[in-house]
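> quick check, what structure comes out for this input:
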Amino acid sequence: QVQMTESGGGLVQPGGSLRLTCTASGGSLSDYSMAWFRQAPGNEQEREFVAVISPYLGTYYSDSVKGRFTISRDHRKNAVFLQMYNLKPEDTAVYSCAASSRGRLTTMPPQYEYWGQGTQVTVSS
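Residues are numbered from 1 along each chain as shown. Below is the predicted model:
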């Protein structure tokens, strides 16, 4: 059974940076698309798409983070990263990583089979 674990969240001031890491265990995800979603305070029922990386099709970002966030992966470590720059208060959320066997640039949560528990990112002065 694949398990995914996020780390790297925390409290940061507006304009600051954070790097999130998601590590998978229990199986190789080299053929999977890996993505980051987030759940904002007061909207915990909705998983907002942030970014996805496909082994075949590159990367894709939501308009709200394009140009500020970068998604990357390390196949040897079975990990995916989210480098976040110029953070804004509206980026405050629980960030979760997910894996999809479809291998596409999908933004829909139901198309992801594996999920991590999430890591809290708080942007505040």
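> which residues touch the residue nearest the centre of the chain?
Geometric centre of the chain, nearest residue: W36, 2.0 Å, by C-alpha atoms, centre = their mean. Going by C-beta atoms under 8 Å, 6 or more residues apart in numbering, W36 touches 20, 22, 50-52, 71, 80, 82, 95-98. The C-beta positions use only the backbone N, C-alpha and C, and glycine is treated the same way.
> next step: these restricted to helices.
Using DSSP state H, the subset of the contacts of W36 located in helices is empty.
> need these in TSV with neighbour count, can you?
What follows is the contacts of W36, written out as TSV (neighbours: other C-beta atoms under 10 Å):
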residue	neighbour count
L20	23
C22	27
V50	24
A51	23
V52	25
I71	21
V80	30
L82	27
Y95	24
S96	23
C97	29
A98	24
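> for G16, which non-adjacent residue is spatially closest?
Spatially, and ignoring its direct neighbours in sequence, G16 is nearest to L87 (5.4 Å; C-beta to C-beta, 6 or more residues apart in numbering).
> in a helix, that neighbour, correct?
No: counting by DSSP: H, G, I helix; E, B strand; the rest coil, L87 is located in no helix; its state is coil.
> count the neighbours of it for me.
L87 has 22 neighbours, counted by other C-beta atoms under 10 Å.
> quick one, what contacts the residue nearest to Q83 when sequence neighbours are not counted?
Among residues not flanking Q83 along the chain, T70 sits closest, at 4.5 Å (C-beta to C-beta, 6+ apart). By C-beta under 8 Å, 6+ apart, the contact list for T70 reads 51, 82-83, 85.
> closest to V65 out of the residues you listed?
A51 (6.5 Å; C-beta to C-beta).
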